[in-house]
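Colleague: Next comes the sequence, and after it the predicted model I'd like to discuss.
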Amino acid sequence: MSACDPGDKSDGEGRKGLDLSVVTEGWGPGRETFTENGRPDSAVLNSVTDNPKHGDERNFLALKDVSTGQWYSKGDVSLEPGRTYEASIFFRNDADPGTGRGASTGTRVRAQLPAEVKGRKRITGFVQSDNTAPSPLWRSLALVAPADQPVSLRILPDSSRVYTGALPKGAPLPAEELFSGAGTLIGCASQDGVVTGAEQCTGHVQFRFVADQPNFVISQAVSRAATNAQESGLRFTEGTRVEYKLRYRNTGTTQQNYVVLKESLPAGFHYVPDSTHYSMSATGGEWKKTADGVMGDGINLGSFAPGGGAYLKFTAILPRAEDLECGLTSTTSTVSARTQNGTKSAESVVLVEKKCG
């Protein structure tokens, strides 16, 4: 482990295949260290290397995967979409409590968490005070997610708390202060910034965040109208009425809002007015009529939680015989789903047959 900050040298885009290995764990700045049996007689933060409970206090940041209970205090932390993580920032004034002096004042804890991880990014904890040097102290861990499958990090509301021996049940901390440039005041029994070397003043600050990964799938099926068959790539004769059934499903870990489905029909296909219906959990799985528009700007189906989805169906009439060449004509229909997290589309091939002589 090094006290050197290697920096975050990426191109800012996190492109697939880009070498982001320079983003590593670390701590700093370099400072004088002490042992448990040789603690200083003045205020010093997180500088004992053999704390009987914590070990090397320079490693004062750790992450826990809440679903598995596994802790990470060194190396990389590979983020799994949908999982909740708990960060813990340890703090102690190493001043020998036997001296009766050496309280740190203006003691603060600060955290930095990236909004998105695309490749490798760092989470960092800071501990500082007005009367200790060097200040601030920092410790980072490397968060890892595939560069082509980034995750967004969302802090859970009301999850920021401070625990000490004098506050075993913890006390809430304002997240807006914890993640600010100045950090938030901590203390022994109250958040007054005063931390002595007494054991009851040793503590940690914790908060939780979720690794979100928005994603969805879109598909469509075509069948003869008034039948239950749903097939793709069917052969139809000219002028046949067909039913398009479009499907959207949220396969990500975060809610998607303003989901719009739109259809683009090939030339010669005719949309049947007043034929569009939708079905989702809010309708109890029943089909409900909705306005035309699937061929224009699309139909806004609303918001969907992870695992949620909806269907949209409408009727179209295939080209007339006079608009076709003899034999089979291959056409392609395209459905698209537009969300705040991007747009996806899916195609269906429809073969239209015109029999000649």
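Modeller: Received the coordinates, thanks.
Colleague: Per-residue pLDDT of the nearest residue to T202 once chain neighbours are set aside, please?
Modeller: The shortest distance from T202 to any non-neighbouring residue, by Cβ to Cβ, 6 or more residues apart in numbering, is to R92 (4.5 Å). The way it works is simple: take the backbone N, C-alpha and C, and place the C-beta from them, glycine included. R92 carries a pLDDT value of 98.
Colleague: Surely R92 is in contact with N51?
Modeller: Yes: because the distance of 7.3 Å satisfies Cβ atoms under 8 Å, R92 is recorded as touching N51.
Colleague: more crowded one of those two?
Modeller: Neighbours around R92 and N51, counted as other Cβ atoms under 10 Å, are more numerous at R92. The numbers are 26 against 20.
Colleague: List the contacts of the more buried one.
Modeller: For R92, the residues meeting the contact criterion (Cβ atoms under 8 Å, 6 or more residues apart in numbering) are 45-46, 48, 51, 54, 57, 195, 197, 201-203.
Colleague: Does the residue lying closest to P114 once chain neighbours are set aside lie in a helix or a strand, and which?
Modeller: Spatial nearest neighbour of P114, chain neighbours left out: K121 (4.2 Å); criterion: Cβ to Cβ, 6+ apart. Take DSSP states H and E as the rule and K121 turns out to sit in strand 119-128.
Colleague: Make JSON lines from the contacts of R92 and add distance to G82 to it.
Modeller: Written out in JSON lines, the entries for these read as follows (distance: Cβ to Cβ, whole Å):
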{"residue": "L45", "distance to G82": "36"}
{"residue": "N46", "distance to G82": "33"}
{"residue": "V48", "distance to G82": "38"}
{"residue": "N51", "distance to G82": "34"}
{"residue": "H54", "distance to G82": "31"}
{"residue": "E57", "distance to G82": "33"}
{"residue": "V195", "distance to G82": "37"}
{"residue": "G197", "distance to G82": "42"}
{"residue": "C201", "distance to G82": "37"}
{"residue": "T202", "distance to G82": "34"}
{"residue": "G203", "distance to G82": "30"}
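Colleague: Name the member of the residues you listed with the most neighbours.
Modeller: Neighbour count (other Cβ under 10 Å) singles out V195 as the most crowded of the contacts of R92, with 28 neighbours.
Colleague: Dihedrals phi and psi, it?
Modeller: Note on V195: backbone dihedrals following degrees, to the nearest 10 are phi -130, psi 120.
Colleague: measure it to D94 for me?
Modeller: Using Cβ to Cβ, to the nearest Å, one obtains 10 Å as the distance from V195 to D94.
Colleague: what residue ranges in the stretch 1-150 of the chain are flagged as low confidence?
Modeller: 1-22, 100 (pLDDT under 70).
Colleague: Could I get the full set of strands for it?
Modeller: Applying DSSP state E, counting those that start in this stretch to the stretch 1-150 of the chain gives strands spanning 26-28, 61-65, 70-72, 76-78, 84-91, 108-112, 116-117, 119-128, 137-145.
Colleague: export those strands to a markdown table and tack on distance to Y163 and mean neighbour count?
Modeller: Listed next are these as a markdown table, based on distance: least, Cβ to Cβ, whole Å; neighbours: other Cβ atoms under 10 Å:
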| stretch | distance to Y163 | mean neighbour count |
| --- | --- | --- |
| strand 26-28 | 22 | 20 |
| strand 61-65 | 14 | 20 |
| strand 70-72 | 16 | 13 |
| strand 76-78 | 22 | 17 |
| strand 84-91 | 9 | 21 |
| strand 108-112 | 12 | 21 |
| strand 116-117 | 27 | 19 |
| strand 119-128 | 15 | 23 |
| strand 137-145 | 18 | 22 |
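Colleague: Go ahead and confirm A211 touches S78.
Modeller: No: the pair formed by A211 and S78 falls short of the contact definition of Cβ under 8 Å, at 9.9 Å.
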